[in-house]
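Colleague: Based on what follows, work out the 3D shape:
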Amino acid sequence: MLKRILLPAISCLILAAFAISLPAQNVGQKTSSVALEERIRRVENNLPPIPLGTGQPPLQFTLQQLMQTLKVPGISVAVVDNFKIDWAKPYGVTEVGASIAVTTDTLFQAASISKAVTASGALYLVEHGKLSLDEDVNKELTTWKVPENEFTTTQKVTLRRLMSHTAGTTVHGFPGYAVGEPLPTLVQILNGERPANTAPVRVDVVPGTKSRYSGGGVIIEQLMIMDVTGKPFPQFMQQTVLAPIGMSHSTFDQPLPPALAAHAAAGHLADGSPVPGKWHIYPEMAAAGLWTTPTDLAKYVIEIALSKNGKSNRVLSETMARQMLTPQIAGANMGSMDDVGLGFFLGTGENPNEFDHGGSNAGYRCIAMMFSDTGQGLAIMTNSDSGQTVALYLIESIAKEYGWKYTPPKHSASEVLSLVQAMRGTQAAVQEYKYLSKATPPLYGVSEDTLNQLGYGLLSSGKTEDAIQVFKLNVEEYPKSSNPYDSLGEAYMKAGKKELAIENYTKSVELDPKNQNGIEMLKKLREQK
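Modeller: Predicted structure coming up:
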């Protein structure tokens, strides 16, 4: 199995992306290759400009410049056009300070995109009569049961609800485990028992009444698959989904086997430093454990789109694929996630045929998206906590180049200020904030969280004094809110200024007596005196 995973997935399209010289078959082939290279260069060099305040020129980056500015060591991209991979290309290195270049075969953590891939495995079992979408999961679970309580009296947890984040289950996501730490079993994770580092997965909302993202619910899905098949989860997914689609550089194995670890990119924090041990380990495989490449993810979303159109059935039938990509939430009172299918998030408005999923593990950010009507899409994977910003601007450039019917998400003021800070310094970012906070009509939405995010970005980058100045400004802007004082207290604590930390934590707790973090920090600081 390891040899099959490591075999290079070579195609003429990927070769063209790397501009490998091959004997020309005809003039048309050579012209096509040159045209593709020019198209790639336009994507790389025409990231959308970032408008700033009056009198300030917009920020303009190439892909390489944005990676350098945000300290993103590596990125890998695959672009889909007409239901085929048009090109795939890597950038940067697998680890800061190393000379190993990212290749199209370099493995990245897919993080929460794992949920979308897992969904195909669960739906395969539904189609083959092994699981039910709408039956109480406790009828199919054997090694563990969802604890019954007052919320499950009339409505039950079902596979459909787990996959659409409407089961009422807790635990949003998972931090993973540092290399060398003891790893919990799946049952220990579900019960919140040591060495698990997350709370128990429980139902605290009536199932089917509210949408709320729950990685904990997907762990129940993982256990269901294992219980009904009797197979280890990575083996089942390899046999049922990865191999049939041709995802030859993908695995759910956790920890990553040494033979594959040699081909993996190390994760990096926002300040550019590597994650200790290179990456975290995720026994929560279905929710966060997939290692893969953008080329393999592109194959996956192509397969789902083709299945929806009745042109492939290597994993799912047309009927099941259409159900997968149908909104599952009825009514607008269910919460903010009324665009979720079974495992994927779905486009709305101008983008009704879009389906996508993003991922965020410690040191990795990634996204896979596809338009089932036009056959256009992409997969982008990065080895940095700052990779999401790079990915969002790169998506806009690709969408423009390929003429997508795509409405990009609005960029946040926090994101813009972080870029201004990285390019022009903290004072320039503060001045930009002051302009944005008064601009009419607003250029970007400014809130209490805007400066808070900028401050924490500075704090994580070791610029503690700059962070203190930003948090102080936020206190001035929102003097009756608890959180700015809490953040300022944290910055003073990191700077070793205990009295000022106590003063601000005290004010935070006065404004919000339920601020448990402030209460705990005050206790800790006073014990140190």
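
Colleague: List the residues that contact the spatially most central residue of the chain.
Modeller: The residue lying closest to the centre of the chain (CA atoms, centre = their mean) is residue 359, at 1.7 Å. By CB atoms under 8 Å, 6 or more residues apart in numbering, residue 359 lies in contact with 109, 110, 111, 112, 113, 114, 288, 365, 366, 367. C-betas here are computed from N, CA, C, even on glycine.

Colleague: Just flag the most distant two among the residues you listed.
Modeller: Among the contacts of residue 359, the pair separated by the greatest distance (CB to CB) is 288 and 367, at 14.7 Å.

Colleague: ok, these two, which is more surrounded?
Modeller: Just comparing residue 288 and residue 367: by other CB atoms under 10 Å the higher neighbour count belongs to residue 288, 29 against 26.

Colleague: out of everything not next to it in sequence, what's closest to the more buried one?
Modeller: Excluding the flanking residues, the one nearest residue 288 by CB to CB, 6 or more residues apart in numbering is residue 282, at 4.4 Å.

Colleague: wait, doesn't that neighbour sit right on residue 362?
Modeller: No: assessed by CB atoms under 8 Å, residue 282 is found out of contact with residue 362, at 9.4 Å.

Colleague: Could you measure from residue 407 over to residue 340?
Modeller: 18 Å (CB to CB, to the nearest Å).

Colleague: Which one's more surrounded, those two?
Modeller: residue 340 (22 against 13).

Colleague: following the biggest helix by length in the chain, which helix or strand shows up next?
Modeller: Assignment by DSSP state H gives helix 27-45 as the longest helix of the chain. Counting by DSSP states H and E, the next helix or strand C-terminal to helix 27-45 is helix 63-69.

Colleague: What is that following helix packed up against?
Modeller: For helix 63-69, the packing partners by 3 or more CB pairs under 8 Å, 6 or more residues apart in numbering; DSSP states H and E come out as helix 27-45, strand 84-92, helix 387-402, helix 413-424.

Colleague: how about the ones you listed in a markdown table, adding distance to residue 318?
Modeller: Conversion of the helices and strands packed on helix 63-69 to a markdown table gives the following (distance: least, CB to CB, whole Å):
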| stretch | distance to residue 318 |
| --- | --- |
| helix 27-45 | 32 |
| strand 84-92 | 20 |
| helix 387-402 | 26 |
| helix 413-424 | 39 |
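
Colleague: And the longest helix of the chain, what's buried?
Modeller: 33, 36, 39, 40, 43, 44 (16 or more other CB atoms under 10 Å).

Colleague: now stretch 186-194
Modeller: 186, 188, 189, 190, 191, 192.

Colleague: cool, stretch 296-310 as well?
Modeller: 296-308.

Colleague: now swap in stretch 199-213 and tell me
Modeller: For stretch 199-213, by 16+ other CB under 10 Å, it's 201, 202, 203, 205, 207, 208, 210, 211, 212, 213.

Colleague: so residue 268 makes contact with residue 279?
Modeller: No: between residue 268 and residue 279 there is no contact under CB under 8 Å: 9.9 Å.

Colleague: shared neighbours, these two?
Modeller: Contacts common to residue 268 and residue 279, judged by CB under 8 Å, 6+ apart, are residue 363.
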